[in-house]
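Participant: Predicted model follows, preceded by the sequence.
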Amino acid sequence: MPLKTRGKDVDKLKVAVLGATGMAGQWFASLLEDHPYFELVALGASKRSAGKKYKEAVRWVIPRPFPTKFSDYVVFDASDPDALPEKVDLVFSALPSEVAGEIELKYLKKGFNVVSNASPFRLEPDVPLMNPEINWDHLELLKKQERWGGKLVKNPNCTTAVLTLPLKPIMDEFGIKEITVTTLQAISGAGFAGLTAYSIVDNVIPYIAKEEYKVKVESKKMLGKLEGDSIRPADFVVEATTTRVPVLDGHTEVVYITTKRSVDVEQVKDVLKSFESEPQRLGLPTAPPKPVIVMEQEDRPQPRLDRMNGNGMAVTVGRIEITETNRVRMVMVGHNLLRGASGVSLLTAELMYKKGYIT
């Protein structure tokens, strides 16, 4: 990787964000404004934004105050690693998937470590696909990842990130044979310009391109077992129907889980309530104290009320029922841009830092 550098605060690593003007990029900027481990020193975006001050290049739309600390940062051309204004220890990528693969490779070949939201390379056998509470040990793959100069880590599709967090403790305790999920996904998942008002207001769109495939294959990889230098995918069956609904942020998912061992409602609740993992044990800054929150009210969770639980990093579960022998139904809500994108990338980077994968 590039020469080791330190920020103005000597204990912090220098980081850059690619795709800094988009919604996920804005969340990165907000989350990194006063981060204890990382100092954001460079903001990259498209050629049309390059050369402008960040406050001029970005149309700030997320429900957090604009980080004035970065107002006068001059945006660099994200497609050119040589345009970085200074050396960095880690690159966060919020680039659109259609351009991310080619651009991220440029950074990797220059020796930069990259933690990315984008879909290219997620299913490569030597690339960790991270939701840190459920598969923190998959970072061991980085020790065998030698084809580039830098190391690449991916986070999953936003729907899958929300889904797999409550699945992990259930799988560990009861085993899972089959999962059937129907999603009601927020419009922010399509990006700021992704859907016209006319197409989504007073409407539900019953199809999201490539989403159902991602849910199926990414869930199996993430909940799979690390064996040597590869992941053995989980052996459960996944059936997914993904829809877009007129909600700003927060994906809702209705999930049916067929378990391998007998189960009752109170056991499921207890397992979910008591779940914690390595990010909580390490006290990572972005880790929610309770990764899974169980609600007893019959009309919860709801995206408007529950998407920011755990600072947007918890998944909230309710309406837990046993519908037939060994079959559990639950409804879950998680923030698609925090647990499902920028937040989970940042949590992964914190874990990498604490575990010594980046130093």
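Facilitator: Received, thanks.
Participant: Mind checking what secondary structure Lys168 has?
Facilitator: helix (DSSP: H, G, I helix; E, B strand; the rest coil).
Participant: burial measure for it, as a count.
Facilitator: 22 (other Cβ atoms under 10 Å). Quick note: C-beta positions are derived from backbone N, CA and C, even for glycine.
Participant: isn't it right up against Ala161?
Facilitator: No. The criterion here is Cβ atoms under 8 Å, and Lys168 misses it with Ala161 at 11.6 Å.
Participant: Can you give the domain ranges for the chain?
Facilitator: The chain breaks down into these structural domains: 13-156+342-355, 158-334 (assignment by automatic domain parsing).
Participant: How far does the shortest one stretch from one end to the other?
Facilitator: Read that as domain 13-156+342-355. Domain 13-156+342-355 has an end-to-end distance of 14 Å (Cα to Cα, to the nearest Å).
Participant: where exactly do the helices run in this protein?
Facilitator: Counting by DSSP state H, the chain has helices at residues 23-31, 54-57, 97-109, 132-135, 158-174, 197-200, 211-222, 265-274, 278-281, 303-306, 342-355.
Participant: So what touches the first one?
Facilitator: Looking back up the chat, that one is helix 23-31. 17-20, 40, 43, 45, 54, 58, 60-62, 64-65, 67, 70, 92, 94, 117, 188, 191-192, 286, 337-338, 341-343, 345-346 (Cβ atoms under 8 Å, 6 or more residues apart in numbering).
Participant: Same check on the third one?
Facilitator: Residues outside helix 97-109 that contact it (Cβ under 8 Å, 6+ apart) are 18, 78-81, 91, 93, 95, 114, 116, 118-121, 148-152.
Participant: which residues does Ser262 contact?
Facilitator: So Ser262 contacts 174, 325-326 (Cβ under 8 Å, 6+ apart).
Participant: how about a cut-off of 10 Å?
Facilitator: Contact analysis of Ser262 by Cβ atoms under 10 Å, 6 or more residues apart in numbering lists 174, 322, 325-326.
Participant: Quick check on those residues: which are buried?
Facilitator: 174, 322, 326 (16 or more other Cβ atoms under 10 Å).
Participant: circling back: deepest of the domains of the chain, which one?
Facilitator: domain 13-156+342-355 (a mean of 20; mean count of other Cβ atoms under 10 Å).
Participant: Now it: average pLDDT?
Facilitator: Averaging pLDDT along domain 13-156+342-355 yields 97.
Participant: just the strands in the protein please.
Facilitator: 13-18, 38-45, 76-77, 90-93, 114-116, 152-154, 176-185, 225-227, 230-232, 237-244, 251-259, 292-294, 315-324, 327-334 (DSSP state E).
Participant: out of those, which comes closest to Pro206?
Facilitator: strand 237-244 (5.0 Å; Cβ to Cβ).
Participant: Just the CA trace of that closest one, in CSV.
Facilitator: Extracted in CSV, the C-alpha atoms of strand 237-244 (Å, rounded to 0.1, in the frame of the first residue of the first chain):
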residue,chain,number,x,y,z
VAL,A,237,-32.6,-22.0,0.3
VAL,A,238,-33.5,-18.3,-0.3
GLU,A,239,-36.6,-17.1,-2.2
ALA,A,240,-36.9,-13.3,-2.5
THR,A,241,-39.4,-10.9,-3.9
THR,A,242,-38.1,-7.3,-3.9
THR,A,243,-40.4,-4.2,-4.4
ARG,A,244,-39.9,-0.4,-4.3
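Participant: Can you give the distance from stretch 165-179 to the centre of its chain?
Facilitator: The chain centre lies 20 Å from the centre of stretch 165-179; the measure is Cα atoms, centre = their mean, to the nearest Å.
Participant: If you could redo that for stretch 129-137, that was the one I meant.
Facilitator: Its chain's C-alpha centre lies 10 Å from the corresponding centre of stretch 129-137 when counted by Cα atoms, centre = their mean.
Participant: Likewise for stretch 96-103?
Facilitator: 17 Å.
Participant: Going forward, the N-terminal residue is numbered 353.
Facilitator: Sure thing, new numbering starts at 353, so read that last one as stretch 448-455.
Participant: With only the CA atoms kept, save it in CSV.
Facilitator: Provided in CSV are the C-alpha atoms of stretch 448-455 (Å, rounded to 0.1, in the frame of the first residue of the first chain):
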residue,chain,number,x,y,z
PRO,A,448,-22.2,3.8,-8.8
SER,A,449,-21.8,0.1,-9.6
GLU,A,450,-21.7,0.7,-13.3
VAL,A,451,-18.4,2.6,-13.0
ALA,A,452,-17.0,1.3,-9.7
GLY,A,453,-15.4,-1.9,-10.9
GLU,A,454,-13.0,-0.2,-13.4
ILE,A,455,-12.2,2.8,-11.1
